[in-house]
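A.B. asks: need a 3D model of the following:
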Amino acid sequence: MPASSSAPAPAIDSALANHVRQGLSRTPKTLSSMYFYDDEGSRLFQQIMQLPEYYPTRTELGIFTTQQAAITKALRPAGNQPFRLLELGAGDGLKTKVLLRHLLEEKARFTYEPVDISSGALSGLAESLQKELPQLQVEPIEADYFSALAQVRQDAAPKAVLFLGSNIGNFLPDDRQKFLQQLSSYLAPADRLLIGFDLQKDPRLIRAAYDDTQGVTAAFNLNLLTRLNRELGADFDLEHWSHYTDYDPLYGAVRSFLVSRRAQTVHFADLNLRVPFAAWEIIHTENSYKFTRPQIEELAAAADLRVVSFFTDERQYFADVVLAPVQ
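C.D. replies: Got it, this is the predicted structure:
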């Protein structure tokens with residue numbers, strides 16, 4: 001039976017629509033990297049993590065693999081008390097599974113609580129954990145980070161909170177400090193917070209991680225425009241756009257951009273919006289800050305946190321830092 005011509009059009013994501021209206025009216029134009037991760041974007045990022053230039057994922061995984069006993073000891077409460085292990089934005093759980101296996105081997109009494117706003121991401125992770133670690137007690141929380149922390153704060157049991165993958169580096173400095181202060185406000189004295197920090201190193205190595213020779217990172221960034229074409233009726237012609245990234249060692253910041261290769265106007269049919277671009281005008285899409293140990297200690301202190309343990313790899317490319325509230 002033929003489809004009815006009056007079938008309703010797919011609903012527009014209002015958050016994405018509002019973000020595009022606001023971001024593309026600024027100078028410089030901006031779009032958030034949070035919108036990179038549609039299905040194709042997530043697939044491309046999985047490829048990025050396997051690239052020889054992209055050191056962060058395998059370096060953090062190496063830290064967890066070689067120092068799992070010390071890390072879990074730093075996170076667990078004394079006396080084998082039961083505790084809650086929350087992970088903010090768990091993803092596929094690749095690195096976390098190393099710690100989960102060790103905790104189970106050590107007969108730790110804990111519940112793993114991955115937190116995400118995506119029910120699909122949570123269900124996929126829960127399914128893989130059921131297959132790989134059937135004895136693990138898993139209680140997914142579908143919520144934003146602070147709503148989840150507010151929920152569990154009512155429980156007297158100690159908690160350990162994970163925020164991995166150098167996601168802290170995607171915040172602008174003021175936003176980063178506010179985020180840490182909010183996190184700190186939800187922690188009791190016995191709680192622990194583990195954050196992954198990408199460390200400052202050879203600037204050429206950092207830049208290569210965000211602009212690989214195979215062009216996968218470029219495809220990942222440009223896929224944002226494909227998503228806007230699909231979901232908002234835009235008419236970006238990808239032949240006239242390119243990806244550009246650079247690293248500023250003075251500020252420890254990788255900055256990524258989409259660059260208009262000619263003067264053009266993009267029409268968003270679903271928004272009744274036209275956006276002009278000059279030749280070589282940019283859309284700023286991402287920041288990724290890199291840190292030194294003194295900077296991490298200063299960040300922690302400003303959020304009323306103290307460094308309990310500092311775990312790094314032999315090349316000091318990356319650090320997983322366990323923090324606790326200042327008492």
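A.B. asks: run a quick neighbour tally on the residue lying closest to S32 once chain neighbours are set aside.
C.D. replies: Using CB to CB, 6 or more residues apart in numbering and skipping the chain neighbours, the partner closest in space to S32 is H19 (6.4 Å). Heads up, the C-betas are built off the backbone N, CA and C, glycines and all. Using other CB atoms under 10 Å, H19 is surrounded by 16 other residues.
A.B. asks: contacting residues around S185?
C.D. replies: Contact criterion CB atoms under 8 Å, 6 or more residues apart in numbering gives no residues in contact with S185.
A.B. asks: need the nearest residue in space to P276, chain neighbours excluded.
C.D. replies: Per CB to CB, 6+ apart, closest to P276 is T265, 4.8 Å.
A.B. asks: which elements pack onto the host helix or strand of that neighbour?
C.D. replies: Secondary-structure assignment from DSSP states H and E places T265 in strand 264-268. Applying 3 or more CB pairs under 8 Å, 6 or more residues apart in numbering; DSSP states H and E, one finds that strand 264-268 makes contact with strand 273-277.
A.B. asks: quick check: buried residues in the strand it packs on?
C.D. replies: L273, V275, F277 (16 or more other CB atoms under 10 Å).
A.B. asks: what bridges to the second one?
C.D. replies: Okay, so that is V275. Taking DSSP bridges as the rule, V275 bridges to V266.
A.B. asks: thinking again about what came up before, how about the buried residues of strand 273-277 in CSV, adding distance to T65 and pLDDT?
C.D. replies: Below are the buried residues of strand 273-277 laid out as CSV (distance: CB to CB, whole Å; pLDDT from 0 to 100):
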residue, distance to T65, pLDDT
L273, 48, 97
V275, 46, 98
F277, 46, 98
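A.B. asks: which one among those residues gets closest to P52?
C.D. replies: Among the buried residues of strand 273-277, F277 lies closest to P52 (CB to CB), at 33.8 Å.
A.B. asks: name the nearest residue to that closest one, ignoring sequence neighbours.
C.D. replies: S260 (4.0 Å).
A.B. asks: need the contact list for the one you found.
C.D. replies: Counted by CB under 8 Å, 6+ apart, S260 has contacts H240, W241, F277, A278, A279, W280, E281, I282, I283.
A.B. asks: how about 7 Å then?
C.D. replies: Shown in contact with S260 (CB atoms under 7 Å, 6 or more residues apart in numbering): H240, W241, F277, A279, W280, E281.
A.B. asks: and the gap between the first one and W280?
C.D. replies: The reference is to H240. Per CB to CB, to the nearest Å, H240 is found 11 Å from W280.
A.B. asks: with distance to F146 added, can I get the buried residues of strand 273-277 in TSV?
C.D. replies: Listed next are these as TSV, based on distance: CB to CB, whole Å:
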residue	distance to F146
L273	32
V275	33
F277	36
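A.B. asks: and which of those is nearest to A209?
C.D. replies: F277 (27.8 Å).
A.B. asks: follow-up on the earlier one: between H240 and W280, which is the more surrounded one?
C.D. replies: Neighbour count, other CB under 10 Å: between H240 and W280, H240 has more, with 15 against 12.
A.B. asks: just the helices in the stretch 51-200 of the chain please.
C.D. replies: Applying DSSP state H, counting those that start in this stretch to the stretch 51-200 of the chain gives helices spanning 55-66, 68-75, 96-105, 119-132, 145-153, 173-185.
A.B. asks: pull the number of nearby residues for the residue nearest to P276.
C.D. replies: 9.
A.B. asks: ok, it - contacts?
C.D. replies: Taking CB under 7 Å, 6+ apart, one finds R274, V275, P276 in contact with T265.
A.B. asks: mind listing the strands for the stretch 101-250 of the chain?
C.D. replies: 110-116, 141-142, 159-163, 192-198, 241-248 (DSSP state E, counting those that start in this stretch).
A.B. asks: now the ones you listed as a markdown table including mean neighbour count, mean pLDDT and distance to T312?
C.D. replies: Formatted as a markdown table, the strands of the stretch 101-250 of the chain follow (neighbours: other CB atoms under 10 Å; pLDDT from 0 to 100; distance: least, CB to CB, whole Å):
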| stretch | mean neighbour count | mean pLDDT | distance to T312 |
| --- | --- | --- | --- |
| strand 110-116 | 23 | 93 | 25 |
| strand 141-142 | 18 | 89 | 30 |
| strand 159-163 | 23 | 96 | 17 |
| strand 192-198 | 24 | 98 | 9 |
| strand 241-248 | 17 | 97 | 20 |
